[in-house]
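Engineer: Could you work out the structure for the sequence below:
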Amino acid sequence: MCSSTDESGWNNDTVKTRGIGLTRQNPPVKGIKSVAGRSYRSNSSRIYKDTQKHPDAQVNLIATICLDWNTPVPYFEISERYTDGSIFAKFVSNRSLPDHLLFDILDRHGSHISVKANERRGDPSVFEVYEQKGVKPDFTPAGQPQFCPIEQLFGLVDKHLEDHASQFNPRGEGWDLDEMADCIRDRLERVTFKEVQSMYIRTWNTLYEGKRLPVYLRDDITEKEFYDEVSRVQALYETKHERIVTLRSGRVPRVSKK
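Structural biologist: Just a heads-up that it's a prediction; the model follows:
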C-alpha cells in the first residue's frame, strides 16, 4: 500500500567509467599464471575518457514507484529545474496513483516537507497537497536511504546513461539535454514489476532481516495472486482502521482481547 518517491539529477558530462576487466575476459588456466601475455590477477577495468572540466547543465528527475503489476512507475517528471517545495507539491498534485496506494515513502529532504517557503511563493504546502490527494507521506529516518526503495531506481538510470554515453556523448563534450532526457525516459518506461519488486525486497530484508517475505514480494507470484493479495490487505486495513478510537486527549485506548 506504499509508493516511494524521490528526485535525482544527472550532469551532462556522464560517460561510461567501468568496463569488463581482464579477469573476466581470460578465465584462469591451471598451472599457467598468465594468458596471452596478460596477468589474470589484474582486475583493472577502468575506462579513461575525456570529459568536460565542469558540467554546464543537469537533467533532474522526480519519480514514483509502487507495487502495481501494470504501472510499476506510475508517474515521473523530467526537467532542468531544481526541485524545490513548490515543484515537488505540483508533482504530487499532477500524478495519479493506483487506488490501493495510501502511503508514500519519502526521505526528509527539504522539498518534501516545505510549508512556509511554499506559502511565501503563494503555493500550497506539500502536506496540503498530500491531504487533497488522499495519500499520507511516510518519512524514513534521516540519513537512511536504504529504507526508501526508489533509491535503487536511480541506479538503473545511472547504468543506462553510462551504457549509452558512447552513442550520445562520444567525445566527452557533453550530452544534448533533450537526448539525455529521452534516454532517461526510455529506461523508466521499460521498468518492470519484477524490477520494482526486487527494490522492495531489498528494503524488506534491510528492515526485517531473516523474516519470511510476504506473498506480494515472492518471485513466483502471478498477476492474479498479486491482485487477490492487494484486495485482501485492503479489506484488512479498512477493518482495522474503522476500529481505531481516539479519546479527547488524543490517546488511542487499548482494545480488550475478550
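
Engineer: use CA for all of it now, contacts and neighbours both
Structural biologist: Fine.

Engineer: Okay, now the unreliable bits of the stretch 51-200 of the chain?
Structural biologist: Along the stretch 51-200 of the chain, segments meeting pLDDT under 70 span 51-53.

Engineer: Name the residues of the helix or strand encompassing S231 that are buried.
Structural biologist: Counting by DSSP states H and E, the element that carries S231 is helix 223-243. Counting neighbours by 16 or more other C-alpha atoms under 10 Å, one finds that the buried residues in helix 223-243 are 226, 230, 234.

Engineer: Go ahead and name everything in contact with stretch 207-219.
Structural biologist: Contact with stretch 207-219 is made by 147, 194, 197-198, 200-201, 204-205, 221, 226, 229, as judged by C-alpha atoms under 8 Å, 6 or more residues apart in numbering.

Engineer: tell me which residues of it are tucked away?
Structural biologist: 216-217.

Engineer: Provide a list of residues in contact with the residue nearest the centre of the chain.
Structural biologist: Per C-alpha atoms, centre = their mean, the C-alpha nearest to the average position across the chain is that of I150, at 1.7 Å. Contact analysis of I150 by C-alpha under 8 Å, 6+ apart lists 4-6, 64-65, 199.

Engineer: from those residues, which single one is nearest N169?
Structural biologist: D6 (26.6 Å; C-alpha to C-alpha).

Engineer: any idea how far D104 is from the closest one?
Structural biologist: 10 Å (C-alpha to C-alpha, to the nearest Å).

Engineer: Among the two, which residue is more densely surrounded?
Structural biologist: The residue with more neighbours, out of D6 and D104, is D6; 24 against 20, by other C-alpha atoms under 10 Å.

Engineer: name the element the more buried one belongs to?
Structural biologist: strand 2-11.

Engineer: and that strand, which strands flank it?
Structural biologist: strand 58-65 (antiparallel), strand 103-106 (parallel) (DSSP bridges).

Engineer: most tightly surrounded among those?
Structural biologist: strand 58-65 (a mean of 22; mean count of other C-alpha atoms under 10 Å).

Engineer: gap between the following helix or strand past it and the chain center?
Structural biologist: Next along the chain after strand 58-65, taking DSSP H and E as the criterion, comes strand 75-79. Mean-position distance between strand 75-79 and its chain equals 13 Å (C-alpha atoms, centre = their mean, to the nearest Å).

Engineer: can I get the CA coordinates of stretch 194-208 in PDB?
Structural biologist: Extracted in PDB, the C-alpha atoms of stretch 194-208 (Å, rounded to 0.1, in the frame of the first residue of the first chain):
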ATOM      1  CA  LYS A 194       9.700  -7.600 -11.100                       C
ATOM      2  CA  GLU A 195      12.400  -4.900 -11.000                       C
ATOM      3  CA  VAL A 196      10.400  -2.700  -8.700                       C
ATOM      4  CA  GLN A 197       9.500  -5.800  -6.600                       C
ATOM      5  CA  SER A 198      13.300  -6.500  -6.200                       C
ATOM      6  CA  MET A 199      13.700  -3.000  -4.900                       C
ATOM      7  CA  TYR A 200      11.100  -3.500  -2.200                       C
ATOM      8  CA  ILE A 201      12.500  -7.000  -1.400                       C
ATOM      9  CA  ARG A 202      15.900  -5.300  -0.600                       C
ATOM     10  CA  THR A 203      14.200  -2.800   1.600                       C
ATOM     11  CA  TRP A 204      12.200  -5.500   3.400                       C
ATOM     12  CA  ASN A 205      15.400  -7.600   4.000                       C
ATOM     13  CA  THR A 206      17.000  -4.400   5.500                       C
ATOM     14  CA  LEU A 207      14.100  -3.800   7.800                       C
ATOM     15  CA  TYR A 208      13.200  -7.300   8.700                       C
END
